[in-house]
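Trainee: sequence below, structure please.
(one chain, ligands or ions: 2)
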Amino acid sequence: MIFQYYPTVSHSFTYELNKDLHFAAAHFIPSSLAGKCQDLHGHTYVVNVTVCGDALDESGFLVNFASIKELIHKRYDHTSLNEHEEFSGADSERFPTTEVLAAAIYAKVQAYLDGCANQPRCMQIIVRETPTSYVIYRPKMQEIM
Ligand SMILES: Nc1nc2c(c(=O)[nH]1)N=C([C@H](O)[C@H](O)COP(=O)(O)OP(=O)(O)OP(=O)(O)O)CN2
Ligand SMILES: [Zn+2]
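Mentor: Numbers count the residues shown, from 1 in each chain. Ligands and ions are numbered 1, 2, ... in the order given. Purely as a prediction, here's the structure:
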């Protein structure tokens with residue numbers, strides 16, 4: 001069971017929902033500056049997704065917790081991150097680092113929320129790669145409005 005306290009995000013929405021999930025994946029960082037991380041290895045990634053909004057859907061949900069989990073878990077669990085199109089190519093902004101993974105998860109979650117009539121917004125993604133290392137991704141304020 002995952003039970004952690006996380007940095008909070010400030011906002012003025014009525015509702016805030018948080019979903020924790022985890023998945024196992026392999027990766028390597030294709031840069032000579034990445035040291036031991038250049039070699040293929042694996043992590044159990046732990047992710048926290050924060051979604052906010054002012055309106056609920058016809059189920060009384062801001063968004064179904066299960067839908068958030070499915071989006072991310074289905075795509076990445078027991079996969080090699082480097083083989084996903086969002087992490088391919090020579091551009092360092094596409095290397096499967098914790099930072100880039102957090103941004104990619106944000107993009108997937110917000111694209112899903114954009115299809116919801118009650119218009120929830122993803123406000124924060126936290127990706128923990130190891131017990132001692134995690135990254136927070138927050139969209140710019142103009143993306144949220
Ligand atoms: N800013 C980033 N730095 C590093 C990333 C990253 O994604 N963003 N990734 C790695 C490696 O992939 C590695 O798997 C994790 O590194 P690290 O936290 O250093 O792992 P350790 O278990 O060795 O750390 P301890 O301090 O011994 O707990 C490296 N850097
Ligand atoms: Zn790693």
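Trainee: ok, now which ones touch L17?
Mentor: Contact analysis of L17 by C-beta atoms under 8 Å, 6 or more residues apart in numbering lists 50-52, 62-63, 65, 120. (Glycine included, C-beta is placed from N, CA and C.)
Trainee: could you redo the last one with a cut-off of 7 Å?
Mentor: By C-beta atoms under 7 Å, 6 or more residues apart in numbering, L17 lies in contact with 51, 62-63.
Trainee: likewise for L113?
Mentor: Here L113 is in contact with 51, 63, 120-122 (C-beta under 7 Å, 6+ apart).
Trainee: any idea which helix or strand carries the spatially most central residue of the chain?
Mentor: For the chain, the residue nearest the mean C-alpha position is I105 (3.4 Å; C-alpha atoms, centre = their mean). Remark: I105 resides in helix 98-113, with elements defined by DSSP states H and E.
Trainee: cool, and A26?
Mentor: strand 15-27.
Trainee: partner strands of that strand, parallel or antiparallel?
Mentor: As defined by DSSP bridges, the strand partners of strand 15-27 come to strand 41-53 (antiparallel), strand 79-80 (parallel).
Trainee: buried residues, that strand. List them.
Mentor: 17-21, 23, 25, 27 (16 or more other C-beta atoms under 10 Å).
Trainee: now do the contacts for the closest residue to Q110 other than its chain neighbours.
Mentor: Once flanking residues are discounted, Q110 sits nearest to C122: 4.7 Å by C-beta to C-beta, 6 or more residues apart in numbering. C122 makes contact with 49, 51, 106, 109-110, 113, according to C-beta under 7 Å, 6+ apart.
Trainee: check R121 too.
Mentor: 51-53, 113, 144.
Trainee: repeat that for 6 Å
Mentor: 52, 144 (C-beta atoms under 6 Å, 6 or more residues apart in numbering).
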